[in-house]
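Student: The following comprises the amino acid sequence and a computationally predicted model.
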Amino acid sequence: MARVGRLAGALLAESEGNYFLVGDLKEPCDFPAAGFEPPERIPGRELPFARLRPLREIALPAPRILLDLEGEELALLLFRRLVVARNGSVSNRLWRLVTGPQEQAEVDARWLGRMPVEVWDIVREKVLSCS
């Protein structure tokens, strides 16, 4: 089961001992202090995700979501579902929709990977609309 949290406004996904940074950073990130080697490139509009190399054991911050996808398939799903295409940043509104209104350390979000794209697109459009 993969776990996903946030790192400097981007998504940090842990899958089978591998780490993926998904979406652009919203604030400066000291990667070594966070436990990672700095990536060669930061993800964004044109690069959905980057693999991160851990320097030590990593504790994903809460809230975290749990998904039953793994590896690059997980990273691509997160990019397609939670990142705003025009700027490459993670949508806080979509993240809050997935994590729910209660403050929980971990949220079962397996439904996110199972939801048909057409249904998610309707939800996504409604959540991201400015009305």
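Tutor: Arrived safely.

Student: Is there a neighbour count for P48? I'd like the number.
Tutor: Residues near P48, counting by other C-beta atoms under 10 Å, number 19. Backbone N, C-alpha and C define where each C-beta goes, glycine included.

Student: actually F36, not the one I typed
Tutor: Residues within reach of F36, counting by other C-beta under 10 Å, total 21.

Student: tell me the contacts of L60?
Tutor: Residues counted as contacts of L60 (C-beta atoms under 8 Å, 6 or more residues apart in numbering) are 3-5, 12, 14.

Student: I'd like those residues written out as a markdown table, with secondary structure, neighbour count and distance to C130 added.
Tutor: As requested, the contacts of L60 are arranged in a markdown table below (DSSP: H, G, I helix; E, B strand; the rest coil; neighbours: other C-beta atoms under 10 Å; distance: C-beta to C-beta, whole Å):
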| residue | secondary structure | neighbour count | distance to C130 |
| --- | --- | --- | --- |
| R3 | strand | 14 | 32 |
| V4 | strand | 27 | 26 |
| G5 | strand | 19 | 27 |
| L12 | strand | 22 | 28 |
| E14 | strand | 20 | 33 |
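
Student: among those, which two are most distant?
Tutor: When the contacts of L60 are compared pair by pair using C-beta to C-beta, the farthest-apart members prove to be R3 and L12, with a separation of 9.0 Å.

Student: residue ranges for the strands of the chain, please.
Tutor: Along the chain, the stretches classed as strands by DSSP state E are 2-7, 10-15, 18-22, 49-52, 64-67, 106-108.
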